[in-house]
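[1] can you look at this prediction? I've put the sequence above it.
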Amino acid sequence: MIARHPSIAAALAAVVLTGTASAAGFTHVPAANPKSPGLITATVLSPELRQAPVAEGALPVENPNAFVSHYGFDADGPLVPAFGSNVEASKSEPDKNTYLVLRNLRGADAAYDYGTHFLYQGHETGVGGYLTRINLDADGAHRVTVLASSDVSGAALPLIDGSTWYPWSAKLLFTAEGNGSTTGGVWQATPDFPSQVVPLLGVLGRGGYEGVQADSQGNLWLVEDIGGTTVGGAKVPNSFLYRFIPKNRGDLTQGGRLQALQVTRLDGSGPITFQTASALTQDLRDLHTYGNSFRTTWITIHDTDVHGFAAFNANATAKAAGATPFKRPENAQFRPGSQFREYFFDETGDTSATSSANGDFGGYGGLLRLTQSSPGANTGTLALFYKGDIDHTGFDNVAFFDANRLIAVEDRGDTLHTQHNALDSAWLFDVRQNYANSVIQPTRILAQGRDPLATLDSGLLGSAGFQNEGDNEITGIHVSDGDASVEGLLGGRLPHPFHEGWRAFYTQQHGMNITWELLRADGDRRGDDD
């Protein structure tokens with residue numbers, strides 16, 4: 001029998017003030033790690049937590065191919081550049097994590113038992129797109145399986161950002177950011193080896209899709225991340241929220257209706273729509289002001305019964321239909337226990353300390369809450385939950401740990417790291433709190449460090465011909481018990497801290513590309529099951 005590790009799940013504490021510990025025992029990490037040239041920095045966790053690697057860049061994949069050699073590394077160069085050189089392998093950057101408990105899965109070695117616990121990822125950069133499965137019960141030689149690098153037609157896969165499990169069709173869904181016209185979209189994939197991958201470009205269109213989740217009715221919710229044009233020192237919002245209503249939940253290739261979210265102005269005079277002239281409009285100020293509540297409507301922008309199955313530009317179609325753009329949403333999740341009626345999504349923002357939108361227009365990003373009477377309702381309300389600032393910004397991935405506590409992790413990027421002399425952090429928010437009172441702040445549970453290769457890459461960044469990123473980034477925060485049934489949908493049930501197989505993962509992108517499991521510092525594994 002193979003023991004399942006616990007996650008940090010709902011034991012994460014209520015929001016606390018800087019330097020204090022919560023009643024549940026999770027201590028605020030007082031500061032982010034500084035960005036220091038040439039300095040290798042350890043990640044700092046709340047002392048009640050620890051982390052253990054489940055896969056890292058030095059680990060060869062079990063079935064290498066022409067462009068994949070090691071986990072997180074492509075086969076186009078050395079893992080470490082020679083002295084005096086900046087030539088190294090492209091980092092593939094494993095992204096969003098999806099954890100599943102499944103039986104009787106195969107791998108590249110037909111004689112090997114791969115166990116039952118698996119972590120799936122797409123890869124965000126590098127030579128080419130591909131899917132990997134971390135076999136959590138396997139030995140080192142069988143730890144990482146490359147599931148696919150092409151679809152069923154033989155077409156190469158794109159670089160992948162988001163992922164989720166869709167239980168009605170028993171398929172994984174992977175998203176690719178893009179420009180909407182020629183790149184981006186959603187692909188479905190079987191979880192076994194070799195994975196059968198099918199594009200859904202004629203169903204969901206091309207867009208800058210990243211975060212993807214399913215609700216209890218089988219609808220897909222997607223958030224888009226396409227950076228806008230800089231006008232007046234700030235980026236114009238250029239990304240939309242989408243909901244897809246399938247005709248047949250058992251087979252998404254049969255089509256359905258794609259909708260985009262439209263937000264009505266605060267004064268009720270009409271919808272907030274895409275603008276080209278300014279990123280400093282009154283509508284943007286209103287959206288990023290505490291206490292404001294906006295009426296929302298889902299508008300259908302594409303219906304396969306009407307428009308057919310040709311690939312289309314979802315971003316352009318949403319603009320033409322009068323949907324409301326946001327400042328780079330990257331991830332979202334339903335609040336557990338809300339019956340899929342509360343949906344929290346982040347905005348990454350402009351990731352620059354010099355953006356003219358930083359004060360009141362969403363330049364530092366934030367967290368928003370969409371509330372509806374049911375997941376299939378056509379109307380709802382939208383409100384700002386947390387307004388980002390220089391110390392809490394660049395939110396990239398989110399995950400709920402229980403009914404009331406949400407983790408948001410940062411992707412500030414090297415520019416903002418330098419401007420603010422701070423690497424990324426993971427923050428714990430209590431969704432019952434009113435953060436308009438600046439005295440109340442979220443709890444930092446993780447201050448990201450910088451591993452040796454990321455430190456080296458940070459020094460090489462900007463040199464001629466260098467293709468990789470610099471500092472480490474936090475991504476793929478994920479809490480799940482791995483239940484692959486409809487009842488196991490994220491947001492469908494309350495996570496149980498350290499019980500019943502709930503586990504938590506995140507990926508320290510760039511550098512060594514390490515994927516970690518978060519655990520209790522005391523090693524307690526109460527209620528572990530097979």
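    All right, it came through fine.
[2] for Phe429, name its beta-bridge partners.
    Beta bridges link Phe429 to Leu406 when assigned by DSSP bridges.
[3] can you pull the contacts of Arg243?
    For Arg243, the contacting residues are Asn219, Leu220, Trp221, Leu222, Leu258, Gln259, Ala260, Leu261, Trp298, by CB atoms under 8 Å, 6 or more residues apart in numbering. Backbone N, C-alpha and C define where each C-beta goes, glycine included.
[4] in PDB, list the C-alpha atoms belonging to the helix or strand hosting Leu456.
    For Leu456, the element it lies in under DSSP states H and E is helix 452-460. Listed in PDB are the C-alpha atoms of helix 452-460, where the atom choice follows Å, rounded to 0.1, in the frame of the first residue of the first chain:
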ATOM      1  CA  PRO A 452      21.800  28.300  -8.100                       C
ATOM      2  CA  LEU A 453      20.700  28.100 -11.800                       C
ATOM      3  CA  ALA A 454      18.200  30.900 -11.500                       C
ATOM      4  CA  THR A 455      20.900  33.000  -9.900                       C
ATOM      5  CA  LEU A 456      23.200  32.300 -12.800                       C
ATOM      6  CA  ASP A 457      20.400  33.000 -15.300                       C
ATOM      7  CA  SER A 458      19.600  36.200 -13.600                       C
ATOM      8  CA  GLY A 459      23.200  37.400 -14.200                       C
ATOM      9  CA  LEU A 460      23.000  36.200 -17.900                       C
END
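[5] contacts for it?
    The contact list for helix 452-460, computed with CB under 8 Å, 6+ apart, reads 35, 37-41, 57, 79-81, 86, 88, 91, 414, 450, 466, 468-472, 510-512.
[6] change it to 7 Å
    For helix 452-460, contacts defined as CB atoms under 7 Å, 6 or more residues apart in numbering pick out 37-40, 80, 86, 414, 466, 468-472, 510-512.
[7] sheet partners, orientation included, of the next helix-or-strand element following it?
    Note on helix 452-460: by DSSP H and E, the next helix or strand toward the C-terminus is strand 473-480. Strand 473-480 has its sheet partners listed here by DSSP bridges as strand 503-509 (antiparallel).
[8] tell me which residues of the strand it pairs with are tucked away?
    The neighbour-count check on strand 503-509 (16 or more other CB atoms under 10 Å) flags Arg503, Ala504, Phe505, Tyr506, Thr507, Gln508, Gln509 as buried.
[9] for the fifth one, give its distance to Ser163.
    Put plainly, it is Thr507. When CB to CB, to the nearest Å is the yardstick, Thr507 and Ser163 sit 12 Å from each other.
[10] same check on the last one?
    Gln509 sits 15 Å away from Ser163, going by CB to CB.
[11] list the contacts of the most centrally placed residue in the chain.
    The C-alpha lying nearest the average C-alpha coordinate of the chain belongs to Asn397 (CA atoms, centre = their mean; 3.9 Å). With contact set as CB under 7 Å, 6+ apart, Asn397 has these partners: Lys96, Glu330, Asn331, Val409, Thr475, Gly476, Ile477.
[12] let's see that with 6 Å instead.
    Contacts for Asn397 (CB atoms under 6 Å, 6 or more residues apart in numbering) come out as Asn331, Val409, Thr475, Gly476, Ile477.
[13] for those, give me a markdown table that also has neighbour count and pLDDT.
    Below are the contacts of Asn397 laid out as a markdown table (neighbours: other CB atoms under 10 Å; pLDDT from 0 to 100):
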| residue | neighbour count | pLDDT |
| --- | --- | --- |
| Asn331 | 27 | 97 |
| Val409 | 26 | 98 |
| Thr475 | 28 | 97 |
| Gly476 | 26 | 97 |
| Ile477 | 25 | 97 |
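[14] which residues in the stretch 151-300 of the chain form helices?
    201-204, 282-287 (DSSP state H, counting those that start in this stretch).
[15] buried ones in the last one?
    Put plainly, it is helix 282-287. Asp283, Leu284, Arg285, Asp286, Leu287.
[16] then stretch 222-229?
    By neighbour count on 16+ other CB under 10 Å, the buried set for stretch 222-229 is Leu222, Val223, Glu224, Asp225, Ile226, Gly227, Gly228.
[17] with adjacent residues omitted, what lies nearest to Thr190?
    Leaving aside its chain neighbours, Thr190 sits nearest to Gln196 (4.6 Å; criterion: CB to CB, 6 or more residues apart in numbering).
[18] so how many other residues sit close to the one you found?
    If you count neighbours by other CB atoms under 10 Å, Gln196 ends up with 14.
[19] and it, how far from Leu453?
    Taking CB to CB, one finds Gln196 at 34 Å from Leu453.
[20] for Phe312, same thing?
    40 Å.
[21] tell me the contacts of Trp221?
    Taking CB under 6 Å, 6+ apart, we find Trp221 in contact with Gln213, Arg243.
[22] across the sheet, point out what pairs with it.
    The partner residues for Trp221, given DSSP bridges, come to Gln213, Arg243.
[23] neighbouring strands - and their directions - for whichever helix or strand Thr515 is part of?
    Element membership for Thr515, per DSSP H and E: strand 514-520. Neighbouring strands of strand 514-520 in its sheet, by DSSP bridges, are strand 49-55 (antiparallel), strand 503-509 (antiparallel).
[24] of these, which is nearest Ile134?
    Ile134 sits nearest to strand 49-55 of all those, at 4.8 Å, using CB to CB.
[25] next SSE downstream of the closest one?
    Next along from strand 49-55, by DSSP H and E: strand 68-70.
[26] rewinding a little: among the buried residues of strand 503-509, which two are most distant?
    Comparing all pairs in the buried residues of strand 503-509 by CB to CB, the longest separation belongs to Arg503 and Gln509, at 19.5 Å.
[27] residue ranges with poor pLDDT in the stretch 1-150 of the chain?
    Residues of the stretch 1-150 of the chain that meet the criterion pLDDT under 70 lie in 1-25.
[28] and Gln372, what are its bridge partners?
    Assigned bridge partners for Gln372, using DSSP bridges, are Gly380.
[29] coming back round to it: turn the buried residues of strand 503-509 into JSON lines, columns for pLDDT and distance to Lys171.
    Below are the buried residues of strand 503-509 laid out as JSON lines (pLDDT from 0 to 100; distance: CB to CB, whole Å):
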{"residue": "Arg503", "pLDDT": "95", "distance to Lys171": "22"}
{"residue": "Ala504", "pLDDT": "95", "distance to Lys171": "24"}
{"residue": "Phe505", "pLDDT": "97", "distance to Lys171": "21"}
{"residue": "Tyr506", "pLDDT": "97", "distance to Lys171": "24"}
{"residue": "Thr507", "pLDDT": "98", "distance to Lys171": "22"}
{"residue": "Gln508", "pLDDT": "98", "distance to Lys171": "28"}
{"residue": "Gln509", "pLDDT": "97", "distance to Lys171": "25"}
